[in-house]
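Colleague: predicted model, plus sequence, below.
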Amino acid sequence: MSRDDLVTTNEKIVGSVTQEVVAASPDAVIVVVSNPLDAMCHVAHRVAGFPKPRVFGMAGILDTARFRTFIAWETGASVKDVTAMVLGGHGDQMVPVVSATSVGGVPLTKLVAQARIEAMVERTRKGGGEIVNLLGTSAWYAPGAAAAQIVDAIALDEKRVLPCTALLEGEYGIDDLYMGVPVKLGAGGIEEIVELDLSDQEQAWLQESADAVREVVGVLAA
Ligand code: 2OP
């Protein structure tokens, strides 16, 4: 399917599912796991009419898991000791934040050559497509595991800081757009949007990612 066909088809599906969720569970926290992810968050938020802390999307945990895995393979470290954060839209312009990435507390830039880091960033950005090519279908295990982390954080009021697709209203210099950013998750959903200090390059990439998300959002019928 073309991206625009996917937007139009999934807008209808996400809209009707959201209506049913709201009718059955008016106090729910809605976690969107449908592509194109950022645009579908806009659909769910508009249709639900819920406040923004109770409508957001799962993408950043999945993208970050891929980035952490590549770093663990590259450095021979346990993935458990790789700290990383992938921000931005869930597309090819997503932003693995190298400045916030470390292995056992040591900055990634001290451990791995720039060219290898760039290759891992690129592979992370294209990770969804790589899996589709291998499986012939979308990933399912990692998205499920990522969504389960979000559900735990809400159900157990864990106050975890995880990358999720949240409605930005000025944070990171971006307004009225769903994008992946670190958020604190507790019983009410998103309790805080965490603002990292990004490098100039990362901030520029985030803007490029925002432009790409806005283009897809512009295809929505409503
Ligand atoms: C993924 O990144 C397809 O968005 C899905 O695996």
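Modeller: Structure's in. What do you need? Residues are numbered from 1 along each chain as shown.

Colleague: name the next helix or strand downstream of the longest strand along the chain, please.
Modeller: Of all the segments assigned as strand in the chain under DSSP state E, the longest by residue count is strand 175-186. Sequence-wise, the next helix or strand beyond strand 175-186 is strand 189-193, with elements assigned using DSSP states H and E.

Colleague: and the angle for the next helix or strand after that next one with strand 175-186?
Modeller: Downstream of strand 189-193, the first helix or strand assigned by DSSP H and E is helix 200-217. If you take axes from the mean of the first three to the mean of the last three C-alpha atoms, to 10 degrees, helix 200-217 sits at 110 degrees to strand 175-186.

Colleague: any part of the longest strand of the chain near the ligand?
Modeller: No: applying C-beta under 6 Å from any ligand atom, one finds strand 175-186 separated from the ligand by no less than 11.7 Å. No exception for glycine: its C-beta is placed from N, CA and C like everyone else's.

Colleague: what do you get for stretch 145-165?
Modeller: No: judged by C-beta under 6 Å from any ligand atom, stretch 145-165 makes no contact with the ligand; its nearest approach is 9.8 Å.

Colleague: neighbours of the residue in the chain that the ligand sits nearest to, how many?
Modeller: Nearest to the ligand, among the residues of the chain, is G128, at 2.6 Å (C-beta to the nearest ligand atom). Using other C-beta atoms under 10 Å, G128 has 23 neighbouring residues.

Colleague: please, which helix or strand holds it?
Modeller: Counting by DSSP H and E, G128 is found in helix 127-135.

Colleague: now do the buried residues in that helix.
Modeller: The neighbour-count check on helix 127-135 (16 or more other C-beta atoms under 10 Å) flags 127-128, 131 as buried.
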